[in-house]
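Peer 1: Next input, structure requested:
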Amino acid sequence: YMKFLTDANVPYSFDWRDYGAVTPVKDQGAVGTCWAFSTVQNVEGQWFMKSKALAELSIEQIVDCDDMQNPDLGQADCGVHGGWPYLSFQYMMRQVHMDFIFSKNFKFQKKII
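Peer 2: Prediction:
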């Protein structure tokens, strides 16, 4: 997906918004969900790079459903209480046999349940 650039052909500025490649800015509120936001937005970007189509995936699905753990490091994804992007990537990769939920169907709630 990537092309190497030389100093001669590097643009002065570049903004993925100009290409329709990023979803709108989101607000996680006062809950510890940055790990889920970063994972989902990274996957959305990769999706765009591969398909040239913008997909807004559900952060709430990651926050509510991802229960991945790494007992060796004592790390786990714990909803609004924090988590780890590498574990949420693993969760998403395990979802290959089911449809990943799009944001419009499972919206982020910004609250502790």
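
Peer 1: burial measure for the nearest residue to residue 22 once chain neighbours are set aside, as a count.
Peer 2: Distance criterion Cβ to Cβ, 6 or more residues apart in numbering; nearest residue to residue 22, sequence neighbours excluded, is residue 16 at 4.9 Å. Placement of C-beta: from N, CA and C, glycine included. Neighbourhood size, residue 16 [other Cβ atoms under 10 Å]: 11.

Peer 1: With the one 4 residues further on instead?
Peer 2: Residue 20 is surrounded by 11 other residues when neighbours are defined as other Cβ under 10 Å.

Peer 1: ok, now the one 5 residues further on?
Peer 2: One way to gauge burial is a neighbour count; for residue 25, by other Cβ under 10 Å, it gives 6.

Peer 1: what helix or strand is it on?
Peer 2: Assessed by DSSP states H and E, residue 25 sits outside every helix and strand.

Peer 1: With residue 86 instead?
Peer 2: Residue 86 is located in helix 85-93, with elements delineated by DSSP H and E.

Peer 1: Now do that helix, average pLDDT.
Peer 2: Helix 85-93 shows a mean pLDDT of 93.

Peer 1: circling back: next up, phi/psi of the residue nearest to residue 22, please.
Peer 2: phi -60, psi -20 (degrees, to the nearest 10).
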